[in-house]
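Chemist: have a look at this fold, sequence not included:
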C-alpha cells in the first residue's frame, strides 16, 4: 500500500514538473483586455510580430498567424474545461470569424511551406557559363596579347537530387519540434481550477491588415460566453 | 591529457580481454603435438596433428586493439574540449558528458545554431542534464533539430530554458530570458 502511494506520488511529481502553457500574470488586470464572466475572468493580449519572432523558434509570422496570450482565472472553487476550439476571433468590424489552429496543423503547414517543390523527371535545368581570359603569343617576332571572352549554356534534364542542406524547417524532425513548441507554449487544455495561461494561434485574415484593426475574442464556456475587445498592437 | 585517457584505458582493457576470450576458448581443445619418428608417420595422422599446429592463437590481435585505443585518444584531443580536471570543471564523478562535449557541436547539414549570451563567461552549459562545456568555449552550438533542456550554471545562479532547435535556424539565448534560480 505504501509502495503504491509512493508510486502515485512519484508519477504525480513527474507529470507536474512539465505542465504546458506559460505562467499567468499576477492579475487579470495586467493584461490589456480582461472581462469577468460566469465563474471565470478572461484576459488576453495580442503579441506583436516582432515579439513573436523572439518568443518562438517556429516562424509563425512567415506562416501568417496571429498569436494571442490568453489567461483564464477561475473563481475560487470553480472548475472549468478549457478547449482551444471554444475561442473565436474576429479581426476588424466586418471580418469573418476565425477559429484557433492546432499546433499539429501549424507545424504541418509550415513544413509544407518550407519544403521546396520536388523536381519532375521532365524538368530542365539551365546552367549559364561565362569565361573571361587573357591570351598572349609571339607573331613575326612581336608579342601580341588580348582579352578573350566566351559564353555558353549547359542544359540538364531530370532531377539533380538533393543539393546542399535541407531548407530551414523542412524536415520531419523540424515538424515535430515545431509541434512540441507550440503545444508546450499553448493554452493548456482540459479541466482546471487554477489560473492558466498560454498562447492561441489564429490564422491571419486574407486582407492581412490585422495589427491596427480591433480584435474581438469570444470564449464559449459551458455556462455562457465571455467576450473581449483587445486593443491592437502598436505597429 | 594522459590523465584524461586513463578512465578510457580502464574501460578499454577489459573490453579487449572480453573480445579475445572466445578465441582462446576455440584454441583450447588442441592437444600437445605428438612427436612421431619419421619412419612411423601415417599420412592421415599427419594431417590431424598438423591442423592444430597451424591454428595456434595469433598474437597480432591484441596489437590491433591497442591501436584502436591510440586512435580514440587522438580523437579526444582533436575535439578542442578542455580538460575536465581543470579547476572550473566538475569532479570525476560528474554523471554525464554530452556527446557534443567531445565533438565540439560542429556545423553539419540539417543542424540548427544556438548562441548563448551570459555575463559570466565561465558558466557551465548543460544540455539535457549532461555537461556540454564552458560558455566561452561554446560560442556556436550546432544541434540536431529537437527539444533540449538548456541549463547555464555558475557559482551563484542556475538558469534553465527549453530549447526548440530547428534546422538552418539560429536561436539567440540570453540568460535574461531564462528561468533564474539562485543557488546560494
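Modeler: Happy to help now that I have it. Model, not experiment: these values are computed from the prediction. Numbers count the residues shown, from 1 in each chain, chains lettered A, B, ... in the order given.

Chemist: and the residue nearest to residue B:100 when sequence neighbours are not counted, helix, strand or coil?
Modeler: Residue nearest to residue B:100 in three dimensions, not counting chain neighbours: residue B:132, with 5.8 Å by CB to CB, 6 or more residues apart in numbering or on different chains. (Each C-beta comes from the backbone N, C-alpha and C, glycine too.) Under DSSP: H, G, I helix; E, B strand; the rest coil, residue B:132 falls in the strand class.

Chemist: quick one, strands of chain A?
Modeler: A:33-36, A:40-47, A:65-74, A:80-82, A:87-91, A:97-99, A:124-139, A:142-157, A:190-192, A:196-203, A:215-221, A:224-230 (DSSP state E).

Chemist: check which helices and strands the second one sits against.
Modeler: The one in question is strand A:40-47. Packing partners of strand A:40-47 (3 or more CB pairs under 8 Å, 6 or more residues apart in numbering or on different chains; DSSP states H and E): strand A:33-36, strand A:65-74, strand A:215-221, strand A:224-230.

Chemist: highest mean neighbour count out of these?
Modeler: Each of those was assessed for mean neighbour count using mean count of other CB atoms under 10 Å in any protein chain shown. The highest is strand A:65-74, with a mean of 23.

Chemist: what mean pLDDT does that strand get?
Modeler: Strand A:65-74 shows a mean pLDDT of 94 in the predicted model.

Chemist: what helices and strands are in contact with that strand?
Modeler: Strand A:65-74 packs on strand A:40-47, strand A:80-82, strand A:87-91, strand A:196-203, strand A:215-221, going by 3+ CB pairs under 8 Å, 6+ apart.

Chemist: a markdown table please, covering those and showing mean pLDDT.
Modeler: Formatted as a markdown table, the helices and strands packed on strand A:65-74 follow (pLDDT from 0 to 100):
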| stretch | mean pLDDT |
| --- | --- |
| strand A:40-47 | 93 |
| strand A:80-82 | 91 |
| strand A:87-91 | 90 |
| strand A:196-203 | 94 |
| strand A:215-221 | 90 |
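
Chemist: pairing partners for residue A:155 in the sheet, please.
Modeler: residue A:126 (DSSP bridges).

Chemist: for it, give me its contacts.
Modeler: A:124, A:125, A:126, A:127 (CB atoms under 8 Å, 6 or more residues apart in numbering or on different chains).

Chemist: just flag the most distant two among those residues.
Modeler: A:124 and A:127 (10.6 Å; CB to CB).

Chemist: who touches both of those two?
Modeler: By CB under 8 Å, 6+ apart, the residues touching both residue A:124 and residue A:127 are A:155, A:156.

Chemist: thought residue A:90 was touching residue A:216?
Modeler: Yes: here residue A:90 reaches residue A:216: they are 4.2 Å apart, a contact under CB atoms under 8 Å.

Chemist: chain B: which of the contacts of residue A:155 is nearest?
Modeler: residue A:125 (21.2 Å; CB to the nearest CB).

Chemist: give the burial count for the closest one, as a bare number.
Modeler: Residue A:125 has 12 neighbouring residues, counting by other CB atoms under 10 Å in any protein chain shown.

Chemist: surely it touches residue A:153?
Modeler: No: using CB under 8 Å, residue A:125 is not in contact with residue A:153; the gap is 10.8 Å.

Chemist: would you reformat the contacts of residue A:155 as TSV and include pLDDT?
Modeler: Converted to TSV, the contacts of residue A:155 look like this (pLDDT from 0 to 100):
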residue	pLDDT
A:124	77
A:125	76
A:126	78
A:127	79
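
Chemist: which one of these has the most neighbours?
Modeler: Result: residue A:125 is most packed of those (other CB under 10 Å), 12 neighbours.

Chemist: count the neighbours of residue A:121 for me.
Modeler: 7.

Chemist: measure the nearest residue to it once chain neighbours are set aside to chain B for me?
Modeler: Among residues not flanking residue A:121 along the chain, residue A:158 sits closest, at 5.6 Å (CB to CB, 6+ apart). Counting by CB to the nearest CB, to the nearest Å, the gap from residue A:158 to chain B is 23 Å.

Chemist: what is the neighbour count of residue A:158?
Modeler: Neighbours around residue A:158, by other CB under 10 Å: 12.

Chemist: before we move on, what about residue B:102?
Modeler: Using other CB under 10 Å: residue B:102 sits among 15 other residues.

Chemist: before we move on, which element is it in?
Modeler: helix B:99-103 (DSSP states H and E).

Chemist: helix or strand next in line after that helix, which one?
Modeler: strand B:112-117.

Chemist: which residues touch the next helix or strand after that next one?
Modeler: Sequence order places strand B:124-127 as the next helix or strand after strand B:112-117, per DSSP H and E. With contact meaning CB under 8 Å, 6+ apart, strand B:124-127 is reached by B:88, B:90, B:98, B:100, B:116, B:131-135, B:138, B:141, B:143, B:148-154, B:163.
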